Each structure stands twice: as C-alpha cells, then as structure tokens.
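> Have a look; sequence and predicted model below, questions after that.
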Amino acid sequence: MTGPQITRISGGRLHLHHGPIDMIVGASGSGQEAGFVRAAERFKGLLQEIVDDLPRLRSATGPMPQGRIARRMVRAVAPFAPRFITPMAAVAGAGAEEILAPLCDGPGIAKAYVNNGGDIAFYLTSGEVMQGVVAADPVARLAIGHDTAVRGIATSGRGGRSLSRGIAESVTVLAASAAAADAAATMIANAVDLPGHPEITRLPAIEVSPESDLGARPVTRAVGRLTCSEVEHALDAGVAYAETCLVAGLIVGAVLMLKGQCRIVGDLPVKTLNRTEALHA
C-alpha cells in the first residue's frame, strides 16, 4: 500500500487518500490554507491509528482503545447497545470529524466540510448554509443552517460501500456529529427489513467479506419484487426505530428510501423531488 496521498483538486479543495480512506475537504475564509495544512498533517497517521486498534473496533464489546479516532468510534456506537453494533459502524463519520477538527482549529474559517466517502462532518459560522442532495428516487435536497444542531450527515444501506443487514436502498441521517450520524444510519438501515421474505437473498457476512465485523450474521445481497404494502411495512419498521433514536436525542432526523418510497423522520430542512424536478431544480 502506498502512503498518504494529499493533493489539491478543482474548486480549491483538498483530496486526501490512503488505502480505503478517500476524503474531499473544503473550506472558505482567510484561514483556508492554514487549515488545509493542519488537516493534511492530521491525515498522515489516521489509517495507522485505525489499524492499530482494529481488533477492538471489530468487536461489539471490550475496553476503551488508546487511539483518538478509535475512542471517538466507540463513543458513537455505545448508545445503540444492547443491539449488536461494532465501532466500525462509525468509522467513516469519525474519520471525517478527525480531519475537520484541526481544519477548523484556527482563525479565518467561515465554513468547512470533510466528505469521507459520502459521510460528512461540517462546520458553519453564522449565516452559512450547508446544502446537499440525497441521491435516490425521489431525490431529497437538504439545506442546513448554522442555527440547527446538525453538524454531521451519513448514509447507509444496500447501495453503500459497507454490508447491510436490512433492505433500504439508503438511509441518510442528520445528527450532531458525523460519527453519531454514521452509527445511526447503519442501525436504521438494518431496521428497514422484511425478515424471512422469499424475495430477499442473504448470505453470512464472512462469505461476502471474510474480515467483516459482522461475522456469520446474514447480510442482504439482493431484493426482488416487493408489493407496495410490503415496502410500506419495511419502511414502517425503519421509521419506528428511527423515531426511538430521535426521542433519545441520538439523531436530528432521517430520510429513508426503498423502492421509490421516501419517509422523513424529524423536522428536517428537506424537499423531495422526482428525477425530472431534480434535474431542473
């Protein structure tokens, strides 16, 4: 494996790449350049820190690890116990936070974000807005202001890089931090499900990815034909769990997508559009 790759890309952004980690970093304000230097320096040792604590991070229980990012991951998943979850469910969000912190640890940063494979940690000063799109059908457009509690966005589901135990195409969560959003998105996506349905193909996680932290637990590999009522039933299950997360203060809201149906949990700055509307928005 080559070492950390740190490059400037279009739009005045920073690209950070090392092994499985692929981040896009953006910032505005007079302190941008100094912030990028701090972010790049923190990135250099990030992957090795995760590797050093990997046995603990792949386990649902155990002592608090030594590494800073590992501790962040453990804290993010702890509120979801006793349901099965390992700290790896928060790895992308926690990684984004680890880079955002030094990026913003200096003067002159008006707005900043770190997009780690679609999971985003961001910083806003007064008057700034973070905009985004949930790329599904229907499309959900987000506009998050400084005065909200949201500082992290994460998406999980069958369409992502990680294995999913549920059938949601995507679940996007808005939370106070990216690590919290990452963990919650994983759990809510798992809850969108129709256990035992004959149109859903599942395999043990270790048969799909031998090093998976899910072990022999079944993960979804394909979803066949579902009736409208079945889709509604699966989404109902996900919404019910998302609402428990909302009441517990673990999330600010969530957008759940399955087979062209969309459910929104929480009072979110979201507008849903069909594909034609999205192209002209």
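Now that the structure is in, tell me what you want to look at.

> Please count neighbours and contacts with C-alpha atoms only from this point.
Will do.

> what comes up buried for the helix ranked longest in the chain?
Scanning the chain for the longest helix, with DSSP state H as the assignment, gives helix 228-247. Within helix 228-247, the residues that count as buried by 16 or more other CA atoms under 10 Å are 231-232, 234-239, 241-243, 245-246.

> cool, and stretch 96-115?
96-104, 108-115.

> Looking at the buried residues of helix 228-247, which one is closest to Ala185?
Ala242 (9.0 Å; CA to CA).

> okay if I get the buried residues of helix 228-247 as CSV plus pLDDT and distance to Ala178?
Shown next, in CSV, are the buried residues of helix 228-247 (pLDDT from 0 to 100; distance: CA to CA, whole Å):
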residue, pLDDT, distance to Ala178
Val231, 97, 28
Glu232, 97, 28
Ala234, 98, 25
Leu235, 98, 23
Asp236, 98, 25
Ala237, 98, 24
Gly238, 98, 20
Val239, 98, 20
Tyr241, 98, 19
Ala242, 98, 16
Glu243, 98, 19
Cys245, 98, 15
Leu246, 97, 15
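
> With distance to Thr148 as added columns, please give those in TSV.
Listed next are the buried residues of helix 228-247 as TSV, based on distance: CA to CA, whole Å:
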residue	distance to Thr148
Val231	31
Glu232	30
Ala234	30
Leu235	26
Asp236	27
Ala237	27
Gly238	24
Val239	22
Tyr241	23
Ala242	19
Glu243	19
Cys245	18
Leu246	15
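
> I'd like to know which of those is nearest to Lys44.
Closest to Lys44, out of all of the buried residues of helix 228-247 and judged by CA to CA, is Cys245, at 34.3 Å.

> give me the number of residues near the residue lying closest to the closest one once chain neighbours are set aside?
In space, and not counting its chain neighbours, Cys245 is closest to Ile251: 6.0 Å by CA to CA, 6 or more residues apart in numbering. Ile251: 27 surrounding residues under other CA atoms under 10 Å.

> Just the element for Ile251, please.
Counting by DSSP states H and E, no helix or strand carries Ile251.

> quick one: contacts for it?
Going by CA atoms under 8 Å, 6 or more residues apart in numbering, Ile251 touches 173-176, 180-181, 184, 245.

> Distance-wise, check the residue lying closest to Gln5 once chain neighbours are set aside relative to Ile9.
Counting by CA to CA, 6+ apart, Gln5 lies nearest to His17, which is 5.0 Å off, once chain neighbours are set aside. Per CA to CA, to the nearest Å, His17 is found 12 Å from Ile9.

> Now tell me what touches the host helix or strand of Met73 from outside.
According to DSSP H and E, Met73 maps onto helix 68-77. Contacts of helix 68-77 with the rest of the structure, by CA under 8 Å, 6+ apart, involve 46, 49-50, 53, 57, 64-65, 85-91, 94-95, 98, 179-180, 183.

> In strands, which of these appear?
Among these, none falls in strands (DSSP state E).

> Give me the buried entries from those.
Counted by 16+ other CA under 10 Å, those give 46, 50, 53, 57, 65, 85-91, 94-95, 98, 179-180, 183 as buried.

> where does the stretch 151-281 of the chain dip in pLDDT?
160, 269-281 (pLDDT under 70).

> hey, where'd the strands end up in it?
Using DSSP state E, counting those that start in this stretch, the strands of the stretch 151-281 of the chain run over residues 152-156, 170-175, 200-204, 218-223, 253-258, 261-265, 270-273.

> looking at these, which is closest to Ala34?
Nearest to Ala34, of all those, is strand 152-156, at 22.9 Å by CA to CA.

> Please name the residues that touch Arg56.
Contacts of Arg56 (CA under 8 Å, 6+ apart): 62-63, 65.

> Also Val239?
Neighbour list for Val239: 188, 192, 256, 263, 265 [criterion: CA under 8 Å, 6+ apart].
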